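>>> can't give you the sequence, but here's the structure:
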Ligand code: AMP
């Protein structure tokens, strides 16, 4: 692997990376940063936790700071030069954090308009001069409609979790963002999975053919991730879960179910068993969701019960284990869930409680692990 210091990144970025102890780029970073620094549009697909955020954050900061030092600073309020679109607020906040961790020495301004925050806060955020905007689609559209944000000075557009942003629900916003940005703007898309069914919308967004990168990990899974399939016999799912938790309940564990009802039953059961836990579901008040996430992140509780909403975007170091109490129906959701653990080279365990109904999914997984999928 090369080292970051071999890249033509600004010295201030290289020194911040060094201060943060980041020396070697990950595979997705090594394959997408150099082409992006040369102005190339990219589509990067790699497993969750593989460092995709930094893979676009570094080129964005390098490009924008270079413009400024060459005598072309931003000159009007509400006109970002880089826009990062994320499907949800939590991911948006994480992305802002990664940017801000790198802008202390390389002084650039990062602002956000994210769903779930008040409009007033969002308005304050984008009132002045700034270079980078992190946005969720719904909130962004409101600000584009009102004219408080304009995209005519955008140099780089990033779609994070691009598979979701190309879904029919979000696609019109992604198309609008591309349309309202200058035609020469560079486009970068990153995702953990990018099904072939999205090739159509994807192709339409690029003016020129992007460099497509798919890392080895995205095909073969993460080597530090272990899987433990446990068979549920006679419908005794919770009895099996009791055994699994008795073996170890001291590690950060994400417990997944498919529906809100299943999560509620699971939470109730955990309560009866005397386990401190919290829940993380789409249907919750976002304030409660955030408080629950904070309790899990800080270690106040070790168990977090989640629907697939929790399977996307969460970057929490202390998730050592994922338990699929109810397995998802499709492989994409499975990958997103298991990608919450074994991040950035750490080890992780996925425990699957398997019923007869789940056998096709398990067979599919095995096939892929063997490299035949
Ligand atoms: P991401 O896939 O962007 O969510 O990143 C996953 C985790 O990997 C984050 O906690 C990052 O801080 C960490 N990370 C990103 N790039 C590197 C790197 N080159 N070396 C070590 N850790 C990294």
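Arrived safely, thanks for sending. Computed from a prediction, not measured in an experiment: that's the story for all the values here. Residues are numbered from 1 along each chain as shown.

>>> CA atoms for contacts and neighbours, from now on please.
Noted.

>>> now the helices for the stretch 1-150 of the chain?
For the stretch 1-150 of the chain, the helices defined by DSSP state H, counting those that start in this stretch cover 11-19, 27-37, 52-69, 89-102, 119-125, 137-146.

>>> swap in the stretch 151-300 of the chain?
Along the stretch 151-300 of the chain, the stretches classed as helices by DSSP H, counting those that start in this stretch are 162-165, 171-180, 199-205, 216-220, 237-247, 260-273, 286-297.

>>> Spell out which parts of this structure neighbour the ligand.
Contact residues (C-alpha under 6 Å from any ligand atom) of the chain with the ligand: 22, 24-26, 48-54, 315, 343-344.

>>> Mind doing that once more with 5 Å?
Applying C-alpha under 5 Å from any ligand atom, one finds that the chain approaches the ligand through 22, 25, 26, 49, 50, 51, 52, 53, 344.

>>> what residues are up against the nearest residue to residue 170 once chain neighbours are set aside?
Closest residue in space to residue 170, ignoring its immediate chain neighbours: residue 137 at 6.9 Å, by C-alpha to C-alpha, 6 or more residues apart in numbering. Contacts for residue 137 were tallied using C-alpha atoms under 8 Å, 6 or more residues apart in numbering; they are 85, 86, 87, 170, 173, 174.

>>> in the protein, what secondary structure element scores lowest on mean pLDDT?
Ranked by mean pLDDT, DSSP states H and E, the helix or strand of the chain with the weakest confidence is helix 216-220, at a mean of 61.

>>> Pick the most buried one from the helices of the stretch 151-300 of the chain.
helix 162-165 (a mean of 23; mean count of other C-alpha atoms under 10 Å).

>>> didn't residue 78 look like it was pressed against residue 127?
Yes: applying C-alpha atoms under 8 Å, one finds residue 78 in contact with residue 127, separated by 6.2 Å.

>>> Can you check which residues contact both of those two?
Joint contacts of residue 78 and residue 127 (C-alpha under 8 Å, 6+ apart) are residue 148.

>>> re earlier: could you check how far the residue nearest to residue 170 is from the ligand?
Per C-alpha to the nearest ligand atom, to the nearest Å, residue 137 is found 20 Å from the ligand.

>>> Next: residue 182.
Going from residue 182 to the ligand by C-alpha to the nearest ligand atom gives 27 Å.

>>> Near that residue, how many other residues are there?
15 (other C-alpha atoms under 10 Å).

>>> quick one on the thing from earlier: would you mind putting the helices of the stretch 151-300 of the chain into a markdown table with distance to residue 155 alongside?
As requested, those are exported to a markdown table (distance: least, C-alpha to C-alpha, whole Å):
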| stretch | distance to residue 155 |
| --- | --- |
| helix 162-165 | 18 |
| helix 171-180 | 11 |
| helix 199-205 | 15 |
| helix 216-220 | 28 |
| helix 237-247 | 50 |
| helix 260-273 | 41 |
| helix 286-297 | 33 |
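
>>> start to end distance for stretch 278-294?
End-to-end distance for stretch 278-294: 10 Å, by C-alpha to C-alpha, to the nearest Å.

>>> if you average pLDDT over it, what comes out?
Averaged over stretch 278-294, pLDDT sits at 86.

>>> How far away from the center of its chain is it?
Taking the mean of its C-alpha atoms, stretch 278-294 sits 18 Å from the chain's own mean (C-alpha atoms, centre = their mean, to the nearest Å).

>>> Stretch 194-210 too?
20 Å.
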